[in-house]
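Visitor: I need the structure of the sequence given here:
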Amino acid sequence: MKFSFAILDPIDFLALQSIKKSLEDMPGSNYFSSWDFTSDPCNFAGVFCSGEKVIALNLGDPRAGAPGLAGRLDPAIGKLTELAELTIVPGRVMGKLPATLSELKNLRFLGISRNFISGEIPATLGELTGLRTLDLSYNQLTGNLSPVIGSLPALTNVVLCHNHLSGSLPVFSSQTLTRLDVKHNNLSGSISPGSLPSSLQYLSLSWNQFTGPVDYLLPQLNQLNYLDLSLNRFTGPIPSCIFTFPITNLQLERNLFSGPVQPFNEVAIPTVDLSHNMLYGQVSPLFSTVQNLYLNNNRFTGSVPNTLVDRLMDGNVQLLYLQHNYLTGVEINPTAEIPVSSSLCLQYNCMVPPVQTPCPIEAGTQKTRPTTQCMQWKG
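Guide: As a prediction, this is how the structure comes out:
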């Protein structure tokens, strides 16, 4: 039987040599020990070939907790023209992303997370029309997100969280985009309806400076199973339809949302956090089916729904935070014992709490809101 072995394309061979020269193993890592250029580079750790070309490059030991690489990513990476996948494990790779990445026309997956990549995301990445996953999270990236990034037609995952990106969020045109995570940046501006595709299932915009309403945007995103808009400056009402989404954890806390909150039906979301907003009106009894409910630091008035209290006493509601509102009543027997598995905080409302329960430290020590404030607030 006759075997034939392909010889790696000389251009790819030289590119791998340049890449190795610009990177090194961090202490404890021996990733590059197999990169002996007197042997076949297609047998190197993290190098995958098809015929004479490198089609995937996974730089660094992929095992969790393994030391990563240090250095910079050499522009010669752009010479690997058949590369479909490029990843770098967490480490101390720094410097800017090479502009030559735009020459990787076959790139489908770009994952360089938890390193020290700085500078702007090159607008030339907009030329990678087949790119599906863009993960540059936990780096030192700055500057605006170019609109051409949003125009990439095949994107399914965009993970840019924990950087220093600024400016507005581009319009994302890909109808296959399912995950968008830009939390912990300096992004700002409003998000217009139609700027995010209805295919989204995971959306995290938290810890930014976004403004404006979301009542026309969110109803279009009814495939969401994860939503975190916390720690922004969003305004206006919370659309009722959002409580019907297949979400397990709804995080809208620490914004400027206002108005009453009126779900259509019993809320099947296990955790709902609407705290630290400007919401008002009655607390809806349809929240009685929520296991962890944060409504504290708003402007809710009236009595706490009996169904909510009953489910708390039955142990079905595990956490009920209602402190720092303008609530005027709650039907709990002063001798009743709150289940050990449940947490209730009622302090700083327009009533004397009928039971004394431990509250978070940030709730303060004052049990009841001053009468003058209760008289002034009309709900």
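Visitor: Please count neighbours and contacts with C-alpha atoms only from this point.
Guide: Noted.
Visitor: Direction included, what does the longest strand along the chain pair up with?
Guide: In the chain, with assignment by DSSP state E, the single longest strand is strand 53-59. Applying DSSP bridges to the sheet, strand 53-59 is found paired with strand 47-50 (antiparallel), strand 85-88 (parallel).
Visitor: Next, format these as TSV and append mean pLDDT and distance to Leu231.
Guide: Listed next are the strands paired with strand 53-59 as TSV, based on pLDDT from 0 to 100; distance: least, CA to CA, whole Å:
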stretch	mean pLDDT	distance to Leu231
strand 47-50	96	41
strand 85-88	98	30
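Visitor: sorry, back to before: buried ones in the longest strand of the chain, by neighbour count?
Guide: Within strand 53-59, the residues scored as buried using 16 or more other CA atoms under 10 Å are 53-59.
Visitor: Identify, from those residues, the entry nearest to Ala66.
Guide: Nearest to Ala66 among the buried residues of strand 53-59: Leu59, at 12.2 Å, using CA to CA.
Visitor: For beta bridges, what are the partners of the nearest residue to the closest one once chain neighbours are set aside?
Guide: Sequence neighbours aside, Ile88 is the residue nearest to Leu59 in space, at 4.7 Å (criterion: CA to CA, 6 or more residues apart in numbering). Taking DSSP bridges as the rule, Ile88 bridges to Leu59, Ile112.
Visitor: With the one 4 residues further on instead?
Guide: For Arg92, the beta-bridge assignment (DSSP bridges) gives partners Ala70.
Visitor: Let's see the pLDDT reported for it.
Guide: Here, the pLDDT recorded for Arg92 equals 97.
Visitor: after the helix or strand Phe210 falls within comes which helix or strand?
Guide: Using DSSP states H and E, Phe210 sits within strand 209-213. Once the chain leaves strand 209-213, the next helix or strand it forms, by DSSP H and E, is strand 226-228.
Visitor: for Thr100, what are its contacts?
Guide: 75-78 (CA atoms under 8 Å, 6 or more residues apart in numbering).
Visitor: Recalculate using a threshold of 10 Å.
Guide: By CA atoms under 10 Å, 6 or more residues apart in numbering, the contact list for Thr100 reads 74-79, 122, 124-125.
Visitor: in a strand, that's where it is, yeah?
Guide: No: Thr100 is assigned helix when assessed by DSSP: H, G, I helix; E, B strand; the rest coil, not a strand.
Visitor: how near is it to Phe116?
Guide: When distance is defined by CA to CA, to the nearest Å, Thr100 is 19 Å away from Phe116.
Visitor: Distance of Val304 relative to Tyr348?
Guide: Taken as CA to CA, the span from Val304 to Tyr348 is 14 Å.
Visitor: Which one of the two is surrounded by more residues?
Guide: Higher neighbour count among Val304 and Tyr348: Tyr348, with 24 against 20, using other CA atoms under 10 Å.
Visitor: Just the pLDDT at the more buried one, thanks.
Guide: For Tyr348, pLDDT reads 96.
Visitor: That one contacts Tyr321, doesn't it?
Guide: No: applying CA atoms under 10 Å, one finds Tyr348 not in contact with Tyr321, separated by 11.4 Å.
Visitor: what touches both of those two?
Guide: 296-297, 363.
Visitor: Looking at the residues you listed, which are in strands?
Guide: Per DSSP E, the shared contacts of Tyr348 and Tyr321 never map to strands.
Visitor: any chance of the residues you listed in JSON lines, plus distance to Thr371 and neighbour count?
Guide: Output for the shared contacts of Tyr348 and Tyr321, formatted as JSON lines (distance: CA to CA, whole Å; neighbours: other CA atoms under 10 Å):
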{"residue": "Asn296", "distance to Thr371": "19", "neighbour count": "25"}
{"residue": "Asn297", "distance to Thr371": "17", "neighbour count": "23"}
{"residue": "Ala363", "distance to Thr371": "18", "neighbour count": "18"}
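Visitor: tell me the domain ranges of this structure?
Guide: 13-94, 274-379 (automatic domain parsing).
Visitor: Off-centre distance for the longest one?
Guide: Averaged C-alpha coordinates place domain 274-379 at 29 Å from its chain's average position (CA atoms, centre = their mean, to the nearest Å).
Visitor: just the shortest one next, same as before
Guide: Between the mean C-alpha point of domain 13-94 and the mean C-alpha point of its chain there is a distance of 28 Å (CA atoms, centre = their mean).
Visitor: so where is the stretch 251-379 of the chain shaky, pLDDT-wise?
Guide: 377-379 (pLDDT under 70).
Visitor: Recalculate using a threshold of 90.
Guide: Filtered on pLDDT under 90, the stretch 251-379 of the chain yields the residue ranges 332-338, 340, 354-357, 375-379.
Visitor: Now do the helices in it.
Guide: 306-313, 371-376 (DSSP state H, counting those that start in this stretch).
Visitor: so which of these is the most packed in?
Guide: Scoring those by mean neighbour count under mean count of other CA atoms under 10 Å gives helix 306-313 as the most buried, with a mean of 18.
Visitor: so what secondary structure elements neighbour that helix?
Guide: strand 319-321, strand 343-345 (3 or more CA pairs under 10 Å, 6 or more residues apart in numbering; DSSP states H and E).
Visitor: helices or strands next to the first one in the packing?
Guide: If contacts are counted by 3+ CA pairs under 10 Å, 6+ apart, strand 319-321 sits against strand 292-294, helix 306-313, strand 343-345.
Visitor: No further questions, thank you.
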